[in-house]
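> sequence and predicted structure below; questions after.
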Amino acid sequence: MSITVFFSSSIPQDKSNILSIISFQDEVNYNNNIINSGLLSLNSKNLYEIWKVNENVNYEKFNDIQISQSANYMFGFSIIKNKGTYEEIKKKIAKQYNDFFLISKKKKMTVLKIWHYLPKLLHDYDNKKTNYSLLCEARESIYKLIFTNCNYPAATVIGIKGENILIYFLSAVCKKYQAIENTRQVSAYNYPMNIFLEKPMFSRAVSIMPKDSMTSMIFVSGTASIKGYESVHGKNMLRQLNETLENYNTFFEDKKNLSNIARVYVSNTDDNNVQLVSSVLNKKFGENNYALLKGDICRSELLIEIEGMISD
């Protein structure tokens, strides 16, 4: 496998082939080539997510985006102040989105997945819309210019504390790229308007074969306790977790011997919930293959969300 993502309690000494290092503390910032995600880890005090490639990595800047790039992969991110009117913040996000695709096209790469961490995710503005609404509208304004089909990148959107918005993406040179939907769920971009007035334009997952690899990879978008298009299981954490895992399993139920790395976000972090979720996830992923993180989900009734990367 030509790109590897893993969790570690320490930072690699040799960073020549490290595409990204992400830490989990409750404030978004960037220091010494380490991104602090604004997410608090619940299953390890000192936890780093390491993205490693088989090639040397170089750093550059494109407009307001920090870039780390190898011959076949690119990681880029932007930190945006969550200050201004609804329209002002939406415009800032749209600009970053546009630049993600501009730099990827320039490097002849395909955007695979985009991660979004926004403060006050479900906070209402004067227009009764939220930061999630704002993100969806910003993304749609750019996707309408880029895509003629629904072959969108995968995505994760989580609410965090603080005043900074963090958005980052992964691009790659691909021999194959295919968007995948979940047969158990309505595609997010086809949700009825009583769920969201705005279109959440993302694919449930994307399957790729990188140029420098003979094996395929699947990047799974954040998924939750949603069947069809409706939230299910009320405020029952265990039932929501099992439903979420059913959705997650859809993308590799016919595959064997897969390596799997996951992030799990919970909005209700009382001790009983954390212990319950941890016991299930330790059996599912192995205790070193997932990060359990505190974050808000895009619907207030949802308690848990899971995303991940799967490789043959």
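Alright, I've got the coordinates.
> can you tell me which residues contact the spatially most distant residue from the centre of the chain?
The outermost residue of the chain relative to its centre, with distances by Cα atoms, centre = their mean, is residue 126 at 28.1 Å. Contact analysis of residue 126 by Cβ atoms under 8 Å, 6 or more residues apart in numbering lists residue 86. For every residue, glycine as well, the C-beta is placed using N, CA and C.
> same question, residue 36
22-25, 27-30.
> burial of residue 19, as a residue count?
Neighbourhood size, residue 19 [other Cβ atoms under 10 Å]: 21.
> and residue 148, by the same measure?
6.
> what strand or helix carries it?
For residue 148, there is no helix or strand it lies in under DSSP states H and E.
> so, low pLDDT: which residues of the stretch 101-250 of the chain?
Across the stretch 101-250 of the chain, nothing is flagged by pLDDT under 70.
> run through the strands of it in chain order.
110-119, 154-160, 164-172, 174-180, 205-210, 217-223, 226-227, 230-231 (DSSP state E, counting those that start in this stretch).
> how about TSV for those, with mean neighbour count and distance to residue 3 added?
Formatted as TSV, the strands of the stretch 101-250 of the chain follow (neighbours: other Cβ atoms under 10 Å; distance: least, Cβ to Cβ, whole Å):
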stretch	mean neighbour count	distance to residue 3
strand 110-119	23	10
strand 154-160	24	15
strand 164-172	24	8
strand 174-180	15	12
strand 205-210	22	7
strand 217-223	24	8
strand 226-227	20	29
strand 230-231	16	33
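> closest one to residue 93 among those strands?
Closest approach to residue 93 among the strands of the stretch 101-250 of the chain (Cβ to Cβ): strand 164-172, 7.0 Å.
> tell me which strands the closest one pairs with, and in which orientation.
For strand 164-172, the paired strands and their directions (DSSP bridges) are strand 73-81 (antiparallel), strand 110-119 (antiparallel).
> distance to residue 145 for the ones you listed - can I get that in TSV?
Below are the strands paired with strand 164-172 laid out as TSV (distance: least, Cβ to Cβ, whole Å):
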stretch	distance to residue 145
strand 73-81	19
strand 110-119	14
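> nearest to residue 203, out of these?
It is, among these and with distance given as Cβ to Cβ, strand 110-119, at 9.1 Å.
> between strand 217-223 and the closest one, find me the angle.
If you take axes from the mean of the first three to the mean of the last three Cα atoms, to 10 degrees, strand 110-119 sits at 30 degrees to strand 217-223.
> and the angle for strand 110-119 with strand 154-160?
Using the same axes, to 10 degrees: strand 110-119 against strand 154-160 is 10 degrees.
> strand 110-119 to strand 205-210, inter-axis angle?
Going by the same axes, to 10 degrees, strand 110-119 makes 140 degrees with strand 205-210.
> what subset of the contacts of residue 36 is buried?
22-24, 28 (16 or more other Cβ atoms under 10 Å).
> ok, back up a step: need the strands of the stretch 101-250 of the chain in JSON lines (columns: distance to residue 78).
Converted to JSON lines, the strands of the stretch 101-250 of the chain look like this (distance: least, Cβ to Cβ, whole Å):
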{"stretch": "strand 110-119", "distance to residue 78": "11"}
{"stretch": "strand 154-160", "distance to residue 78": "15"}
{"stretch": "strand 164-172", "distance to residue 78": "5"}
{"stretch": "strand 174-180", "distance to residue 78": "23"}
{"stretch": "strand 205-210", "distance to residue 78": "21"}
{"stretch": "strand 217-223", "distance to residue 78": "19"}
{"stretch": "strand 226-227", "distance to residue 78": "28"}
{"stretch": "strand 230-231", "distance to residue 78": "30"}
